[in-house]
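Student: I need the structure of the sequence given here:
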Amino acid sequence: MQNKNKTLVKSMDLLQLFITHPALSLNDMVKLSGMPKTSVHRMLMSLEEMGFLARHEDGQYSLGLSFLQFGQLVADRLDIRQVALPIMQELRDDVGEAVNLIMKDGREAIYVEKVDTNHPVRLYTKIGRRSPLYAGDSRIILAFLPDQEREQYLRETELTPRGLGTITDKDKLRRILQKSREDGYTISRSELENDTAALAAPIFDHRGRVYAGLSVAGPDDRFQDERLPELSVKVVRAAEEISRKLGWEPSSRIPL
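Tutor: As a prediction, this is how the structure comes out:
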């Protein structure tokens, strides 16, 4: 504390109150912070002048537009690949399978990062590869899109076979998407390439919107049913860790 500016620290303590309270009055902040009323009032005036707090007609304060601006800058400048790569490497080392990071790009998905397995028999996926949102590990993004956006995609998209397991019946696909939302992950077999399998989980951004997908993928014979519970737990946990580093909190997820 001796190297910190005490006024700045106290101002940050006031701002921290708004993490759990959308709006507070001067008296509320005095009570919650335990600081003298004159000190709180002085800091409020400075924070309001700088745009970090906004005062409403009823005398209550809420976070100001400066936070919106800074928050958007942080989000825009955050490279998900840099955030995800160490976690992807840990997951690869843990499960021994290739790990992919997938993002939505228009009406398709694109593989933006990967970590290969050291297993001699492996599934090769190139960074930059594209796939339809309805098939394979990319389907996890489609599953967690808002209802209206997902339904529009399904209405306008022809489900063309890419592998022996590609789902081409839209009603069946809707049921699988619903199950993926309930389970928190999706499993695909031979949907993009024959004799392959993938297990994917969603990554959310700071607004609670699906931002990307994280998957482990490999030959189908290494994804037997008895292994799936363990894999699903580890993939979901890794995806949640990436989501948190992007500013996501479980309570911020947008209802589907």
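
Student: so where's the stretch 51-200 of the chain uncertain?
Tutor: Applying pLDDT under 70 to the stretch 51-200 of the chain flags the ranges 69, 71-78, 119-124.

Student: Which residue ranges of it form strands?
Tutor: Taking DSSP state E, counting those that start in this stretch, the strands of the stretch 51-200 of the chain run over residues 53-55, 61-63, 98-105, 108-115, 130-132, 186-189, 196-204.

Student: export those to TSV and tack on distance to residue 88 and mean neighbour count?
Tutor: Every residue, glycine included, has its C-beta placed from N, CA and C. Shown next, in TSV, are the strands of the stretch 51-200 of the chain (distance: least, CB to CB, whole Å; neighbours: other CB atoms under 10 Å):
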stretch	distance to residue 88	mean neighbour count
strand 53-55	39	19
strand 61-63	34	18
strand 98-105	4	22
strand 108-115	5	19
strand 130-132	18	18
strand 186-189	18	22
strand 196-204	11	26
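
Student: The residue nearest the centre of the chain and residue 56: what is the separation?
Tutor: By CA atoms, centre = their mean, the chain has its centre lying nearest to residue 204, at 1.5 Å. Here residue 204 is placed at a distance of 30 Å from residue 56 (CB to CB, to the nearest Å).

Student: where along this protein do the helices fall?
Tutor: 6-16, 26-33, 37-49, 65-77, 80-95, 139-143, 147-156, 170-183, 228-245 (DSSP state H).

Student: Same list (the strands of the stretch 51-200 of the chain) but as a markdown table, adding distance to residue 91.
Tutor: Below are the strands of the stretch 51-200 of the chain laid out as a markdown table (distance: least, CB to CB, whole Å):
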| stretch | distance to residue 91 |
| --- | --- |
| strand 53-55 | 41 |
| strand 61-63 | 35 |
| strand 98-105 | 5 |
| strand 108-115 | 8 |
| strand 130-132 | 20 |
| strand 186-189 | 16 |
| strand 196-204 | 10 |
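
Student: Nearest to residue 82 among the ones you listed would be which one?
Tutor: Among the strands of the stretch 51-200 of the chain, the nearest to residue 82 by CB to CB is strand 108-115 (9.3 Å).

Student: could you check the angle helix 80-95 makes with the closest one?
Tutor: With axes from the mean of the first three to the mean of the last three CA atoms, to 10 degrees as the basis, strand 108-115 and helix 80-95 are set at 60 degrees to each other.

Student: Packing partners of strand 108-115?
Tutor: The contact analysis (3 or more CB pairs under 8 Å, 6 or more residues apart in numbering; DSSP states H and E) places strand 108-115 against helix 80-95, strand 98-105, strand 130-132.
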